[in-house]
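> Sequence and predicted structure below; questions after.
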Amino acid sequence: MVASPHPVLLFDGVCNLCNGSVQFIIRRDPQARFRFASLQSAVGQLYLEELQVDRQAIDSVILVEGDRWYKESDAALGVVRILGGPWRALGVLRLIPRPLRDRLYRLIARNRYRWFGKREACWLPTPELRERFLDAQPGSATTAVP
């Protein structure tokens, strides 16, 4: 199993919404708890294989904590739980039945490129953030974070 002592967020590296979400998390995670990998990367693909996630069915971020993983609304709620502070209050959304939460999540996920746009390549984190990205290799097909 791909192991990390940190929670790992697998995300769509070409999706503007997903990239914005990663940057949102980074700004609110000064303890640098999270690690990140794009779903398109070799590391992301290895995680999907190890977790036995159907690559064709993934239209979601995946949150990996130890030997457990979460997708769709459970992944998003897991992120705010880990961020803590005032973000933890969003955990109240767990009171909404998962089928309803996931239906809304999938609606946004299906339309994310149309509504938020898409990049030609995954972005590369700044040198200061590089250690938080499991797949940030120099020379890869990525673009720099502004």
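Sure thing, it's come through. Keep in mind that this is a model prediction, so the values were computed, not measured. Numbering: from 1, shown residues only.

> can we go C-alpha only for contacts and neighbour counts from here?
Will do.

> Could you pull up the residues touching residue 26?
Going by C-alpha atoms under 8 Å, 6 or more residues apart in numbering, residue 26 touches 32, 34.

> helix, strand or coil for it?
In three-state terms, and counting by DSSP: H, G, I helix; E, B strand; the rest coil, residue 26 is helix.

> just residue 9 next, same as before
Under three-state DSSP, residue 9 falls in the strand class.

> show me the contacts for it.
Residue 9 touches 34-37, 61-64, counting by C-alpha under 8 Å, 6+ apart.

> of those, buried ones?
Neighbour counting by 16 or more other C-alpha atoms under 10 Å classes 34-37, 61-64 among these as buried.

> List just the nearest of these to residue 100.
Closest approach between the buried ones among the contacts of residue 9 and residue 100, by C-alpha to C-alpha: residue 61, at 17.4 Å.

> Without its sequence neighbours, what residue ends up closest to that closest one?
Spatial nearest neighbour of residue 61, chain neighbours left out: residue 11 (4.8 Å); criterion: C-alpha to C-alpha, 6 or more residues apart in numbering.

> quick one, strands of this protein?
For the chain, the strands defined by DSSP state E cover 8-11, 35-38, 62-65, 68-71, 122-124, 142-144.

> who does the first one pair up with?
According to DSSP bridges, strand 8-11 has the following sheet partners: strand 35-38 (parallel), strand 62-65 (antiparallel).

> Turn the strands of the chain into TSV, columns for mean pLDDT.
Shown next, in TSV, are these (pLDDT from 0 to 100):
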stretch	mean pLDDT
strand 8-11	95
strand 35-38	93
strand 62-65	95
strand 68-71	92
strand 122-124	65
strand 142-144	35
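
> Let's have the ones you listed in JSON lines, adding distance to residue 105.
Listed next are these as JSON lines, based on distance: least, C-alpha to C-alpha, whole Å:
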{"stretch": "strand 8-11", "distance to residue 105": "14"}
{"stretch": "strand 35-38", "distance to residue 105": "19"}
{"stretch": "strand 62-65", "distance to residue 105": "13"}
{"stretch": "strand 68-71", "distance to residue 105": "10"}
{"stretch": "strand 122-124", "distance to residue 105": "22"}
{"stretch": "strand 142-144", "distance to residue 105": "27"}
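
> Which one of the ones you listed lies nearest to residue 115?
Nearest to residue 115, of these and by C-alpha to C-alpha, is strand 8-11 at 17.1 Å.
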